[in-house]
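Asker: Below are the sequence and a predicted model; questions follow.
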Amino acid sequence: MPDATAPGHPAVAYRRAIMISTGLILFAFITCHLTNLILGLHSVALMDKWRWVLSGLWTGPGFRQLLVFAMTLHFLTALVSLYYRNTLRLPAYDLAQMVAGILIIPLLAPHVFGIMAYADLGLVATYDLVLRFFWNLSPLDGLRQVVLLVVAWLHGAIGIYTWLRSRDGSERTMRFFYPFVVLVPILAMLGYVEAGRQVIPIAEGGTGYVMQNDPNADGMSVDGAEAADIIAKAKKDGRMVGQMSLALVALAFLARWIRVSRWKRGQVHVAYLGRRPAQFSTETGLTLLEMARINDVPHANVCRGRGRCGTCRVRVMQGADHLPPPDAMERKVLEHWNAGPTERLACQLHPTAGKLQVERVIQADYSDLDYKQTGKPGDSAQKRAV
């Protein structure tokens, strides 16, 4: 989610770095999981053969703690970003990513506690065992798993897409990212369906796959009563974690509403000059980019208001004397683009009451976007926007 903390707030850059780093870890995890499902196009046996590498890696010492830490930190940081949002009128990408992010933990928690319950039952969570549960015993849980994979991939793909698009050389990167982000989930779903067909009994239209050297051949190591208690506890814990995550999201929305309702608002009149001129009056408190969105004024913003790409730059033609100065993060992006002294980032600029006249540096249709304008001779990589 785009941050909307007051300019100069040092926590913004740290939150963005946390979101990117933890997001990359989580995207690597879901990519490994989907890759394992793709192997189902060949056989369930191949899925289990590679399970220890692609999926089991994340349950081993160190990686499990890293995954839990990244997921927790990513979620909590997202709640903080939600609290600092100035408006909930979101672009389609941001709305889809936010809704997907809210749904991930309620969908994921039952699966995680279910997998953990297998160990308490004395079973090994092989793909053979899990697929039989999803396809033969509880198709509803299998459907929820499909929804989870789609939601998690959508959330992660939008985040990675935004991060990559805001960096120099993104055109080259996107040549590989676009087919990757489309093919992986499609092939994974096809692999999941084919693997399900294999574990369904022959009498029900499947192929009746039987796992060789099945570690679960002897069944559970606990009696029926204890097994029922373990399963009931796993279901209860899964529901509880899901409900807690939704409660925290609701609290973040409530806290944000309280913060926004206490604003001391003024009126600002904004005029866009140049191509596609526009004028509007609105309340202060939002960034210039947010004001433009609310008033349906088209504006370039590759990173969708995250202060990374620099494509939302404007030249301030009138009213600069009453504007807050750019913070270190904004100055870094402006320097990266060799911006003139009157240029500001619309996504970081909070207009004050009065009149403001601006002109887009990059047109809303990106027709004049040229990444060759970035950087200076001798610039180091440290001058690049995060």
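Answerer: Now that the structure is in, tell me what you want to look at. Residues are numbered from 1 along each chain as shown.
Asker: for the stretch 251-386 of the chain, which spans come out with low pLDDT?
Answerer: 371-386 (pLDDT under 70).
Asker: just the strands in it please.
Answerer: Under the criterion DSSP state E, counting those that start in this stretch, the stretch 251-386 of the chain contains strands at 267-273, 278-283, 313-318, 343-345, 354-360.
Asker: Redo those strands as CSV? Include mean neighbour count and distance to Leu46.
Answerer: (Each C-beta comes from the backbone N, C-alpha and C, glycine too.) As requested, the strands of the stretch 251-386 of the chain are exported to CSV (neighbours: other C-beta atoms under 10 Å; distance: least, C-beta to C-beta, whole Å):
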stretch, mean neighbour count, distance to Leu46
strand 267-273, 18, 57
strand 278-283, 14, 57
strand 313-318, 19, 51
strand 343-345, 24, 49
strand 354-360, 19, 53
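Asker: Pipe the ones you listed into JSON lines and attach distance to Met220 per row.
Answerer: What follows is the strands of the stretch 251-386 of the chain, written out as JSON lines (distance: least, C-beta to C-beta, whole Å):
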{"stretch": "strand 267-273", "distance to Met220": "67"}
{"stretch": "strand 278-283", "distance to Met220": "62"}
{"stretch": "strand 313-318", "distance to Met220": "63"}
{"stretch": "strand 343-345", "distance to Met220": "59"}
{"stretch": "strand 354-360", "distance to Met220": "66"}
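Asker: closest one to Val193 among the ones you listed?
Answerer: With C-beta to C-beta as the measure, strand 343-345 is the member of the strands of the stretch 251-386 of the chain nearest Val193 (46.0 Å).
Asker: So what are the sheet partners of that closest one and their directions?
Answerer: strand 313-318 (antiparallel) (DSSP bridges).
Asker: quick one, which of the strands of the stretch 251-386 of the chain is nearest to Gly122?
Answerer: strand 343-345 (57.8 Å).
Asker: What lies in contact with that closest one?
Answerer: 288, 307, 310, 312-316, 323, 326, 330, 333-334, 337, 361 (C-beta atoms under 8 Å, 6 or more residues apart in numbering).
Asker: follow-up on the earlier one: so which of the strands of the stretch 251-386 of the chain gets nearest Leu57?
Answerer: Leu57 lies closest to strand 343-345 among the strands of the stretch 251-386 of the chain, at 39.9 Å (C-beta to C-beta).
Asker: Regarding this protein, what is its longest helix?
Answerer: helix 224-261 (DSSP state H).
Asker: How about that helix, which residues are buried there?
Answerer: For helix 224-261, the neighbour count (16 or more other C-beta atoms under 10 Å) marks 227, 230, 234, 237-238, 241-242, 245, 249, 252-253, 256, 260 as buried.
Asker: Same check on stretch 183-200?
Answerer: Across stretch 183-200, burial judged by 16+ other C-beta under 10 Å covers 184-185, 187-189, 191-192, 194-200.
Asker: Over to stretch 210-225?
Answerer: 211, 216.
Asker: List of residues touching that stretch?
Answerer: By C-beta under 8 Å, 6+ apart, stretch 210-225 touches 44-45, 48, 120-124, 126, 128-129, 227, 230.
Asker: Convert the C-alpha atoms of that stretch to CSV, please.
Answerer: Extracted C-alpha coordinates of stretch 210-225, given in CSV (Å, rounded to 0.1, in the frame of the first residue of the first chain):
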residue,chain,number,x,y,z
VAL,A,210,-0.8,-45.7,-5.1
MET,A,211,2.3,-44.2,-3.5
GLN,A,212,5.3,-46.5,-3.4
ASN,A,213,7.1,-46.7,0.0
ASP,A,214,4.3,-44.6,1.6
PRO,A,215,5.5,-43.3,5.0
ASN,A,216,1.8,-43.2,6.1
ALA,A,217,1.1,-46.8,5.2
ASP,A,218,0.7,-47.8,8.9
GLY,A,219,-1.8,-45.0,9.6
MET,A,220,-2.0,-42.7,12.5
SER,A,221,0.1,-43.3,15.7
VAL,A,222,-2.8,-42.1,18.0
ASP,A,223,-6.2,-43.5,18.8
GLY,A,224,-9.4,-42.2,17.4
ALA,A,225,-10.4,-40.1,20.4
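Asker: How far off centre is it?
Answerer: Distance of stretch 210-225 from the chain centroid (C-alpha atoms, centre = their mean, to the nearest Å) equals 38 Å.
Asker: Use 4 as the first number for this chain going forward.
Answerer: Shifting the count to begin at 4 puts that one at stretch 213-228.
Asker: name the element the nearest residue to Met22 once chain neighbours are set aside belongs to?
Answerer: Nearest residue to Met22 in three dimensions, chain neighbours excluded: Thr80, at 5.5 Å (C-beta to C-beta, 6 or more residues apart in numbering). In this structure, Thr80 sits in helix 66-86 according to DSSP states H and E.
Asker: Check which helices and strands the following helix or strand past that helix is in contact with.
Answerer: Following helix 66-86 in sequence order, the next helix or strand is helix 95-123 (DSSP H and E). Packing partners of helix 95-123 (3 or more C-beta pairs under 8 Å, 6 or more residues apart in numbering; DSSP states H and E): helix 66-86, helix 142-168, helix 227-264.
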